[in-house]
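J.: Fold the following.
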Amino acid sequence: MTVRSSLVVEEASGLVTVQDRGRPGLAHLGVPRAGALDPPAAALANRLVGNDEGAALLEVTMGSLALRATGALWLAVTGARCRVTVDGRAAAHAEAVWVPRDGVVRIGPPETEVRGYLAASGGIDVEPVLGSRSTDTLAWVGPARVVTGTELPVGPPRGSPASYDAPRPPRPGPLRVDPGPRADWFAEDALERLCATTYTVTPESNRVGLRLDGPAIERVREGELASEGMVLGAVQVPPDGRPVVFLADHPTTGGYPVLAVVRADDLWRCAQLRPGDSVGFSHG
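T.: A predicted model of the protein is given here:
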């Protein structure tokens, strides 16, 4: 009988969740998509250990993690830069690392950015919920939050680790947006004003949305909009006029007007913006 490996969490801080590509296509049932907020970093971690890019892995948000491997396996840590050790010895970031049986991997808090990703060869093999192993933090659909004492089963390896894989290239500058469906709720130059403003990321930001502080965007219509479907990347403007960029755990409907939508290729950057960071938008 084959003995399956697992990762036993000896210490966990911050928000640690299991994520894969999420569960898109269920919004009509009121189920958010979830999934890794930084898909390029998650895909890289999986490729490094020989997994399919969509295999389940761990997302660590502004925290640290210590794991004991019950069987020898390959691990890779990508995303936010952090210190990685195996049994107390320094290990590489964004490279495949061999961990022996009963080896202890420690991931320090992020030195830059916000979210790190840890992939294990074979993938985190928790039970899927609605076709995905992702944790949705809005309704807590999917695997439970990973905490000290959690034991995570690991599937059998499916491929060979990569000796090298190019990380995603940085794309500096503002977040690119397209016009949203409710521009008529704002002044004619509202999109231009949005793109001419520098905003600050607030501590209230999370997997649901990137919350921004800065000059308010004024509406020209009174009353409330009937709830309608929301899309990933929607720049919604609540009554206080300060925009929120919807991320993977966003509600499937919303009643505030959407002025713009962040392009899919730029959304991973929202996952790595820290409270206090500055961010702008551009269109055209």
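J.: Just list the residues touching the closest residue to residue 187 other than its chain neighbours, thanks.
T.: Nearest residue to residue 187, sequence neighbours excluded (Cβ to Cβ, 6 or more residues apart in numbering): residue 220, at 5.6 Å. For glycine as for every other residue, the C-beta is placed from the backbone atoms N, C-alpha and C. Neighbouring residues of residue 220 by Cβ atoms under 8 Å, 6 or more residues apart in numbering: 185, 186, 187.
J.: Give the buried subset of those residues as a PyMOL selection command.
T.: Command for PyMOL, covering only those of the contacts of residue 220 found buried under the criterion 16 or more other Cβ atoms under 10 Å:
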select buried, resi 185+186
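J.: In TSV, list the contacts of residue 220 along with distance to residue 63, pLDDT and secondary structure.
T.: Shown next, in TSV, are those (distance: Cβ to Cβ, whole Å; pLDDT from 0 to 100; DSSP: H, G, I helix; E, B strand; the rest coil):
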residue	distance to residue 63	pLDDT	secondary structure
185	38	94	helix
186	38	94	strand
187	41	91	coil
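J.: tell me which element residue 21 falls in.
T.: Of the helices and strands defined by DSSP states H and E, none includes residue 21.
J.: ok, now how distant is the spatially closest residue to it that is not a sequence neighbour from residue 139?
T.: Among residues not flanking residue 21 along the chain, residue 54 sits closest, at 4.3 Å (Cβ to Cβ, 6+ apart). Separation of residue 54 from residue 139 (Cβ to Cβ, to the nearest Å): 22 Å.
J.: Can you list the low-confidence ranges for the protein?
T.: Applying pLDDT under 70 to the chain picks out residues 1-3.
J.: Report the central residue of it.
T.: Residue closest to the mean C-alpha point of the chain, counted by Cα atoms, centre = their mean, is residue 37 at 1.9 Å.
J.: which residues in this structure form helices?
T.: For the chain, the helices defined by DSSP state H occupy 39-48, 190-196, 267-271.
J.: Rebuild the ones you listed as CSV, extending it with mean neighbour count.
T.: Converted to CSV, the helices of the chain look like this (neighbours: other Cβ atoms under 10 Å):
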stretch, mean neighbour count
helix 39-48, 25
helix 190-196, 18
helix 267-271, 22
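J.: quick one on the thing from earlier: okay, residue 54 and residue 139: which has more neighbours?
T.: Neighbours per residue (other Cβ atoms under 10 Å) separate residue 54 from residue 139, with residue 54 holding more: 18 against 12.
J.: Which residues does stretch 238-247 contact?
T.: Under the contact criterion Cβ under 8 Å, 6+ apart, stretch 238-247 has outside partners 37, 175, 194, 199, 207-219, 230-237, 254, 256, 259, 262, 267, 270-271.
J.: Show me which of these are buried.
T.: By neighbour count, with 16+ other Cβ under 10 Å, the contacts of stretch 238-247 hold 37, 175, 194, 199, 207-214, 217, 219, 230-237, 254, 256, 259, 262, 267, 270-271 as buried.
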